[in-house]
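Chemist: output the structure for:
(2 chains)
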Amino acid sequence: EVQLVESGGGLVQPGGSLRLSCEASGFTFSDHYMDWVRQAPGKGLEWIARIRNKATSYTTDHAASVKGRFTISRDDSEKSLYLQMNSLKTEDTAVYYCARAYSRGDYFDFWGQGTLVTVSS
Amino acid sequence: DIQMTQSPSSLSASVGDRVTITCRASQRINSALNWYQQKPGKAPKLLIYAASSLQSGVSSRFSGSGSGTDFTLTISSLQPEDFATYYCQQSYSTPLFGGGTKVNIK
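Modeler: Numbers count the residues shown, from 1 in each chain, chains lettered A, B, ... in the order given. The predicted structure is shown next:
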């Protein structure tokens, strides 16, 4: 059974940092592109970052809204995905989901349960 | 950049109704369009990929159609468990979701 379990969310002050983790199981993690998608309270889904697999040199993309502040990474040996979030703003308050991308990012076929990040003073 | 416009933003329907949700891309995306269902407090769930392919385990009352710029998600006979928010997502370029359609009970 495919499982994605996020952790690391919490309350942080504006300007602070947080590192989210997503632990994967039930599939060959190293084969897949992996993404982070967030959802602000009462709002829609926003894709924020992707990391490709080893075959595509672990290349990354970040949404303009987080570029330069957030960094996606992965550790295939630990079957884990990460999101380092720096210079956090109140508008980064959201539930953050990790998602498995099928094939070369065609669609998101499995999602974690999400972890809530609250940026507030 | 590609823009995704979903309509309506909300609708009210009754059990047994046929429901249609539309998603329009600002440029051609071939069939690179996916649909997700999200219930309150839960992660999104993939329903349809590549515009018209039904994800394994998803009820056949869900169907998708379209290509190019105009796409449709249809629920043939709305069931109580279908009251949720639905999102389209293009995978032609950097992933982008539509604004969502909330399906309410009439």
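Chemist: how about the strands of the chain, start to end?
Modeler: All of this is about chain A. A:3-7, A:10-12, A:18-25, A:33-39, A:45-51, A:60-62, A:70-75, A:80-85, A:94-102, A:107-111, A:115-119 (DSSP state E).
Chemist: try chain B instead
Modeler: B:4-7, B:10-13, B:19-25, B:33-38, B:45-49, B:53-54, B:62-67, B:70-75, B:85-90, B:96-97, B:101-105.
Chemist: out of those strands, which is the most enclosed?
Modeler: Among the strands of chain B, strand B:33-38 has the highest mean neighbour count (mean count of other CB atoms under 10 Å in any protein chain shown), at a mean of 26. (Glycine included, C-beta is placed from N, CA and C.)
Chemist: other SSEs contacting it?
Modeler: strand A:107-111, strand B:19-25, strand B:45-49, strand B:62-67, strand B:85-90 (3 or more CB pairs under 8 Å, 6 or more residues apart in numbering or on different chains; DSSP states H and E).
Chemist: report the beta-bridge partners for the residue nearest to the spatial centre of chain B.
Modeler: Nearest to the mean C-alpha position of chain B, counting by CA atoms, centre = their mean, stands B:Trp35 at 4.0 Å. Going by DSSP bridges, B:Trp35 is paired in beta bridges with B:Ile48, B:Cys88.
Chemist: setting the sequence-adjacent residues aside, check what's closest to B:Ser52.
Modeler: Closest residue to B:Ser52 apart from its sequence neighbours, by CB to CB, 6 or more residues apart in numbering or on different chains: B:Gly64 at 4.7 Å.
Chemist: same question for A:Thr60.
Modeler: A:Ile51 (4.9 Å).
Chemist: check contacts around the one you found.
Modeler: Neighbouring residues of A:Ile51 by CB atoms under 8 Å, 6 or more residues apart in numbering or on different chains: A:Tyr33, A:Met34, A:Asp35, A:Tyr58, A:Thr59, A:Thr60, A:Ile72, A:Ser73, A:Arg74, A:Leu81.
Chemist: hmm, back to that, can you pull the pLDDT of the residue nearest to the centre of chain B?
Modeler: pLDDT recorded at B:Trp35 is 98.
Chemist: great, nothing more from me.
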